[in-house]
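Q: requesting a structural model of the entry that follows:
(chains A and B)
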Amino acid sequence: MLDIKFIRENLEVVKAGAAQKRFEVDLDLIVNLDDERRGLIKEVEELKARRNKASDEVAKLKKAGQNADATITEMRSVGDQIKSMDDRLKSLEQQLQKALLTVPNVPHPSTPEGSTPAENVSIASWGEAPKTDFKLKPHWEIAEKLKLIDFATGTKIAGSGFPVYIGAGARLQRALINFFLEEGRNRGYTEVMPPIVVNAESATGTGQLPDKEDQMYVVTRDEFYLIPTAEVPVTNMHRESVIKAEQLPIKYCAYTPCFRREAGSYGKDVRGLNRLHQFDKVELIKFVHPETSYEELESLRSDAEHLLQLLKLPYRVLLMCRGDMGFTQTKKYDLEVWSAGQERWLEVSSCSNFEAFQARRMNIKFKDGSGKPEFLHTLNGSGLALPRIVSAILENYQTDEGTVLVPSALRSYMGMDVIKSA
RNA sequence: GGAGAGGUGGCCGAGUGGCUUAAGGCAGCGGUUUGCUAAACCGCCGUACGGUUGUAAAGCUGUACCGCGAGUUCAAAUCUCGCCCUCUCCGCCA
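A: Numbering: from 1, shown residues only, chains lettered A, B, ... in the order given. Sure thing, here's the model as predicted:
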């Protein structure tokens, strides 16, 4: 959410930003609502000031044993006016609030213009695709042959998109989770294990509600939402609070399962591990001072890249163009890993700066000794999402004997060097 | 799930309808005194949303806020109703 004052003072910038992000928003309506709101506040507060004074007078008169009926009668009608104006004000504020939630965050000047994924800018790449003299298989064939993942059984017990990992497949999951958390810890992130369901307030704080409700699994009986990412519970840890400036930056890494309905996405992508309803992810989350948030974005990205380098998986870094960035971000990088068997890039991390967009929505501030509390900036990025890393490992590290070499960084976590047929 | 107790500023804690502008204390900030430290004394000490002065930093001013939401009243921290949360005990349980 943007500040109404910021919108008023930077109307053209906000308008242009929304257009570039391809969101439709009626800013004139918002400014009009705010004008009306301010006018009404002024009126009703003047009436309230009158009433407060009159109440004092009544108290004095009564204390002196005098009659106060005239004032009381007058104030009775003032009270009615106040009530009806307060009702109108409340409804105005709700309309304004609702309208403000439709205004997207303004893209940072350093982000490229463009409206489609094709216009994202590849700013770096690392590693090289494996060169082999045999035909590389897609991960689902490898996983089936080596009995690492059982998609059909997952479909039986839950539904499609809920795979069962078995044997070395399950160990690979556990090894990756431990590896990611351990590396996060090495880079100064505090490990967190949050609830994987959240209430409506938390889901609203990070922006899942109201717009993305159809993408979440909902436990209606108890009003819980299954989290689509650890970002939701972890960012909400500091909701409604003021943090001392010297505690910044606060950095968390959290492993959670993630649940996504993926409503409306069908097609080629769903094969194998490419798109699941439940998957595992380690997320990196930062709360930072506004002055440093773009440096923090770069270091967040480098923390995520480091993991891919340790796993020796080839990847590229995309700087998202304004049209492909999403509603809440000011700047966003995607890390895409090369999946050699499918011969395609797979997104395994997206690192974003939200500036004060989430913090304002959640009321997270910081305060140094002297100044007023201010909204801080929040960032997050995957570090990393597991399924596509698993596909990349299976595909990039496969041998012509049908086995899969374990990346050297992962061997101590796996307790094995090669994944063979069980 | 059942019974009871409670929720007041950063923290502790008083407050049963109008001298409450939320007492008092602790912590914090500024100052006075003082070889230094400590103590003592004086002052400051919330958030949000408006209005207004100012280039700005900031100041002045109004309104709201005592878990949340409704209600009663000229007037609510205080009375009424609903909800949420915390603690204690009981029941169930990994």
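
Q: in stretch A:75-88, what counts as buried?
A: Buried residues in stretch A:75-88, counted by 16 or more other Cβ atoms under 10 Å: A:75, A:82, A:85. Yep, even glycine has a C-beta here, placed from its N, CA and C like the rest.

Q: now those residues in CSV, with secondary structure?
A: Converted to CSV, these look like this (DSSP: H, G, I helix; E, B strand; the rest coil):
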residue, secondary structure
A:75, helix
A:82, helix
A:85, helix
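
Q: closest one of the residues you listed to RNA strand B?
A: Distance to RNA strand B, by Cβ to the nearest atom of the strand, is smallest for residue A:75 among those, at 3.2 Å.

Q: show me the contacts for the closest one.
A: If you count contacts by Cβ atoms under 8 Å, 6 or more residues apart in numbering, residue A:75 has them with A:51, A:54, A:55, A:58.

Q: could you do residue A:40 as well?
A: Applying Cβ under 8 Å, 6+ apart to residue A:40 gives the contacts A:85, A:88, A:89, A:92.

Q: so which of those comes closest to RNA strand B?
A: Of these, the one sitting nearest to RNA strand B (Cβ to the nearest atom of the strand) turns out to be residue A:89, at 9.2 Å.

Q: in whichever strand or helix holds residue A:40, which residues are buried?
A: Residue A:40 is part of helix A:27-63 when elements are defined by DSSP states H and E. Neighbour-count burial for helix A:27-63 flags A:27, A:30, A:31, A:33, A:34, A:37, A:40, A:44, A:51, A:54, A:58, A:61 (criterion: 16+ other Cβ under 10 Å).

Q: cross-check these against RNA strand B and keep the overlap.
A: When contact is defined as Cβ under 7 Å from any atom of the strand, the buried residues of helix A:27-63 meet RNA strand B at A:34, A:37, A:51, A:54, A:58.

Q: from the contacts of residue A:75, which is closest to residue A:414?
A: Nearest to residue A:414, judged by Cβ to Cβ, of the contacts of residue A:75 is residue A:51 at 72.7 Å.

Q: wait, doesn't that closest one sit right on residue A:81?
A: No - the pair residue A:51 / residue A:81 is not scored as a contact, 9.6 Å apart, by Cβ atoms under 8 Å.

Q: end to end, how far does stretch A:145-152 reach?
A: Distance across stretch A:145-152, first residue to last, is 14 Å (Cα to Cα, to the nearest Å).

Q: buried residues, that stretch. List them.
A: Within stretch A:145-152, the residues scored as buried using 16+ other Cβ under 10 Å are A:146, A:148, A:149, A:150, A:151.

Q: quick check on the residue nearest to the second one when sequence neighbours are not counted: phi, psi?
A: Put plainly, it is residue A:148. Distance criterion Cβ to Cβ, 6 or more residues apart in numbering; nearest residue to residue A:148, sequence neighbours excluded, is residue A:169 at 3.0 Å. With angles defined as degrees, to the nearest 10, residue A:169 sits at phi -60, psi -40.

Q: so residue A:169 is in contact with residue A:149, correct?
A: Yes - using Cβ under 8 Å, residue A:169 makes contact with residue A:149 at a distance of 4.9 Å.

Q: which neighbours do those two share?
A: In terms of Cβ under 8 Å, 6+ apart, residue A:169 and residue A:149 are both contacted by the residues residue A:143.

Q: residue in the stretch 101-250 of chain A with the shortest distance to RNA strand B?
A: In the stretch 101-250 of chain A, the residue found nearest to RNA strand B is residue A:242; the distance is 7.7 Å by Cβ to the nearest atom of the strand.

Q: surely that residue is in a helix?
A: No - counting by three-state DSSP, residue A:242 is located in no helix; its state is strand.

Q: quick one, what contacts it?
A: A:365, A:366, A:367, A:373.

Q: state the pLDDT value of it.
A: For residue A:242, the pLDDT comes out at 85.

Q: same check, this time on the one 4 residues further on
A: Per-residue pLDDT puts residue A:246 at 83.

Q: tell me the contacts of the residue lying closest to residue A:125 once chain neighbours are set aside?
A: Leaving aside its chain neighbours, residue A:125 sits nearest to residue A:316 (4.0 Å; criterion: Cβ to Cβ, 6+ apart). If a contact means Cβ under 8 Å, 6+ apart, then residue A:316 has A:122, A:124, A:125, A:126, A:335, A:336, A:338, A:345 as its contacts.

Q: what parts of chain A come near RNA strand B?
A: When proximity is defined by Cβ under 7 Å from any atom of the strand, chain A lies next to RNA strand B at A:4-5, A:34, A:37-38, A:41-42, A:45-46, A:48-49, A:51-55, A:58-59, A:62-63, A:72, A:75-76, A:79, A:90, A:365, A:369, A:371-373.

Q: so which of the contacts of residue A:242 belong to strands?
A: With strands defined by DSSP state E, the entries of the contacts of residue A:242 inside them are A:365, A:366, A:367.

Q: what subset of those is buried?
A: Among the ones in strands among the contacts of residue A:242, the ones that count as buried (16+ other Cβ under 10 Å) are A:365, A:366.

Q: so where does residue A:316 fall, helix or strand?
A: Residue A:316 belongs to strand A:315-319 when assigned by DSSP H and E.

Q: strands of the stretch 1-150 of chain A, residue ranges please.
A: Taking DSSP state E, counting those that start in this stretch as the test, the strands found in the stretch 1-150 of chain A are A:121-126, A:149-150.
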